[in-house]
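Undergrad: requesting a structural model of the entry that follows:
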Amino acid sequence: MPFRPWLLRIVANEARNRRKANYRRLRLTLRASALSGPEPTEPSPEAGALSAERRATLLHAVNALRDEERLVVTCRYFLELSEAETATVLDIPRGTVKSRLSRALERLRGPLLVEEAQLPSTQGSERPNSD
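TA: As a prediction, this is how the structure comes out:
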């Protein structure tokens with residue numbers, strides 16, 4: 001087995017084992033960053049608040065996924081692995097990677113679309129209703 005997939009499989013297994021601890025650490029980091037105020041490169045406090053809110057919503061939505069879906073999303077988007085590499089790392093068929101990723105992205109769309117619909121308009125006018 002090539003070195004990279006072998007190493008990434010070890011990382012994936014460790015991620016499964018430490019999920020709860022990492023989630024608690026992440027929540028603590030988000031709270032600490034919220035207390036420290038906006039970063040100097042941010043254009044305004046409003047933009048910083050919206051960015052932190054979007055990040056928190058995304059992380060909450062990703063953490064709410066089932067373990068197998070979260071691992072596929074992590075490999076594909078956070079580790080930037082190809083479908084083939086993801087399949088090798090997780091020891092699943094490539095078609096399973098595609099189907100899990102599709103289901104995971106569909107589950108992520110719901111909370112993210114709801115959050116975006118609740119954001120105030122940044123151009124001073126209301127967004128049209130797309131019913």
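Undergrad: so where does Ala15 fall, helix or strand?
TA: helix 3-17 (DSSP states H and E).
Undergrad: what sits up against that helix?
TA: Asn22, Asp67, Leu71, Thr74, Cys75, Leu79, Leu81, Glu85, Thr88, Val89, Leu90, Asp91 (C-beta atoms under 8 Å, 6 or more residues apart in numbering). For the C-beta atoms, the positions are set from N, CA and C on the backbone; glycine is no exception.
Undergrad: point out where this structure drops to low pLDDT.
TA: Within the chain, the segments meeting pLDDT under 70 span 1, 20-27, 33-50, 111-131.
Undergrad: separation between Glu85 and Leu79?
TA: Glu85 sits 9 Å away from Leu79, going by C-beta to C-beta, to the nearest Å.
Undergrad: same check, this time on Ser99
TA: Ser99 is 19 Å from Leu79, by C-beta to C-beta.
Undergrad: equivalent analysis for Ala87, please.
TA: Ala87 is 13 Å from Leu79, by C-beta to C-beta.
Undergrad: same thing with Val89?
TA: Separation of Val89 from Leu79 (C-beta to C-beta) stands at 8 Å.
Undergrad: over to Ala32?
TA: Applying C-beta to C-beta to Ala32 and Leu79 gives a distance of 25 Å.
Undergrad: looking at those two, which one has more neighbours?
TA: Between Ala32 and Leu79, counting by other C-beta atoms under 10 Å, Leu79 is the more crowded of the two (14 against 9).
Undergrad: excluding sequence neighbours, find me the nearest residue to that one.
TA: For Leu79, ignoring the flanking residues on the chain, the nearest one in space by C-beta to C-beta, 6 or more residues apart in numbering is Leu8 at 7.2 Å.
Undergrad: list the contacts for Cys75?
TA: Leu8, Ala12, Leu81, Glu85, Thr86, Val89, Leu90.
Undergrad: just those now: which is nearest Gly110?
TA: Proximity of these to Gly110 (C-beta to C-beta) peaks at Thr86, which lies at 23.2 Å.
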